[in-house]
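Colleague: With the input below, show me the fold.
(chains A, B and C)
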Amino acid sequence: MVSVPERRFPRAARLLRPAEFARVYARKRSAAAGPIVVYAAPGPDRDGRPRLGLSVSRRIGGAVVRNRWKRVLREAFRAARGELPAATDFIVVVRSGLAPAGAAPARALRESLVSLARRIVSRPGYAADAAGDGTVSR
RNA sequence: GGAGUGGAUUGGGCGACCGCCGGCCACGCAUGCGUGGCGGGAGGAAAGUCCGGGCUCCACAGGGCUCGAUGGUGGGUAACUCCCACCGGCCGCGAGGCCAGGGACAGUGCCACAGAGAACAGACCGCCGGCGAGGCUCGUCCUCGCAGGUAAGGGUGAAACGGUGAGGUAAGAGCUCACCAGCAGGCCGGGUGACCGGUCUGGCUCGGCAAACCCCAUCGGGAGCAAGGCCAAGCAGGAGGAAAUCCGGUCGUUCGCGGCCGGAGCGGGGCGGCCCGUCCCGUUCGACCUCCGGGUAGGUCGCUGGAGGCGGCGGGCAACCGUCGUCCUAGAGAAAUGGUCGUCGCCCGCCGCUCGGCGGGCACAGAACCCGGCUUACAGAUCCGCUCCGAGC
RNA sequence: GCGGGUGUAGCUCAAUGGUAGAGCAAUAGCCUUCCAAGCUAAAGACGAGGGUUCGAUUCCCUUCACCCGCU
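Modeller: So this is what the prediction gives:
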């Protein structure tokens, strides 16, 4: 049995190192909706799949609440990978002031994740800043 | 049956699909990777970090002062501010619960307000007799004043220098006596001991606070897995600062001196702080201190088999210990346990109001080197021991 | 992981173990034609739970929240 590649979520599809986070933040392209903020930047590999980095601060809650947010966001990202722009790195930040007590449901997060990602990428100037990097797959 | 008390266990079950972390095996690719298979993957508190250890490193850790911790006795333990048993005190009808529970004749200090008096106390009212003055109903009378006596009574307070009775007295008072309470000491008996029981003597009586300073006894080297080891990659140094040199041996010598070793002095650093002591380094271009600047943000080991869990037997009142058998049970690194469903269980709301249907919820909370405790949070469920009350047999 | 600090009135801060106080703010009144300023009055707090003590904001323990530092 061969699994569908888009359903998988291997470690290579994650942003893990400080340098990777810094590169996405340096691009300064973000959009927000409700409790989450999404940063986006073209990935280093122009044929690559979208990658995800997470930032959940201690102000969000205890370890259980923070881990819950990360797991639900990873699951939402995994389900949305086919609909997201390719070769793009994303960082999802959970905002402390607007976050409800627990994590939001995965389905709703998937919807807003896709719409925020498309909003950033379709903005004028994103492709120009990319400077010949991977183009938007739309 | 009701009320209560002490303890133990558990922390939703089963199934399907898709993911995630790491292990083993196989294959491909070439050492990073991918695919498939098999089995594993959060807790009783993983939490707070309040104690105690193991482990690792540090220039072995000594003495004095200081600092900090602990504080009934005996035991358990690797150790403890933990646990068990016992003693004492307080609370509860009781089962039980709580207690930092050594020393207040080693010293210092504090005890507000109230009250006359608050620590080897104190005469405000009262009581008592004496002296003086006044009054009249002339008395064993009343009123006022003065100097005294008196701690039995009133009142204050958290606390007022024993309680009851008798004697005694002007009135009183441990002033005296008996009993009781309490204190100190001796002796006898029991207990490993804290302590308990008995008896005799004493002066007749002594406040509380040491979670106030303190005294006594005991204990405490420091840091922490971001410890620490290895590999890879990378970089650039600069400025300032205190100080004091001398002696001996030996070798070389161009006879100026230089190298090495040892010692003294001086300077710096480590041993929680200070002093001694000790160790290391330096003593003229180098160590140390301060400031500025530069580089790294990777891998791997440590990393999970342990004071380990379960069961039997033996010892012990118990905590716990010994022995035998059996089991292997997470190891991440921006950090793995998630998502979508079905079904059953429990709870709540609505319709129904017998069956049933619909919707929602199922606690506290997430391993990060590992253990032993403590404390705190927690929807519920189950079991055991005991006490009190009521009813029945 | 290690270490330290702070919680007192709406805000900023005081206070030997004995009635918790100051400034600003807010309320009411006086003054003014009105406002401001000024004057007067009253209200308002020791983060929580235990313990020691006659008595605790203070001393001790536990706990909660926040802040800071080192690695």
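
Colleague: And the nearest residue to A:Arg27 once chain neighbours are set aside, which helix or strand is it part of?
Modeller: Excluding its sequence neighbours, the residue lying closest to A:Arg27 (C-beta to C-beta, 6 or more residues apart in numbering) is A:Ala41, at 3.8 Å. C-beta here means a position set from N, CA and C on the backbone, and glycine is covered the same way. Element membership of A:Ala41, judged by DSSP states H and E, is strand A:36-42.

Colleague: and that strand, what other elements does it pack with?
Modeller: Contacts defined by 3 or more C-beta pairs under 8 Å, 6 or more residues apart in numbering; DSSP states H and E place strand A:36-42 against helix A:18-27, strand A:30-33, strand A:88-94, helix A:106-122.

Colleague: list the contacts for the nearest residue to A:Arg23 once chain neighbours are set aside?
Modeller: Nearest in space to A:Arg23, with sequence neighbours left out and distances taken as C-beta to C-beta, 6+ apart, is A:Ala41 at 6.4 Å. Residues near A:Ala41 by C-beta atoms under 8 Å, 6 or more residues apart in numbering: A:Arg23, A:Val24, A:Ala26, A:Arg27, A:Arg29, A:Thr88, A:Asp89.
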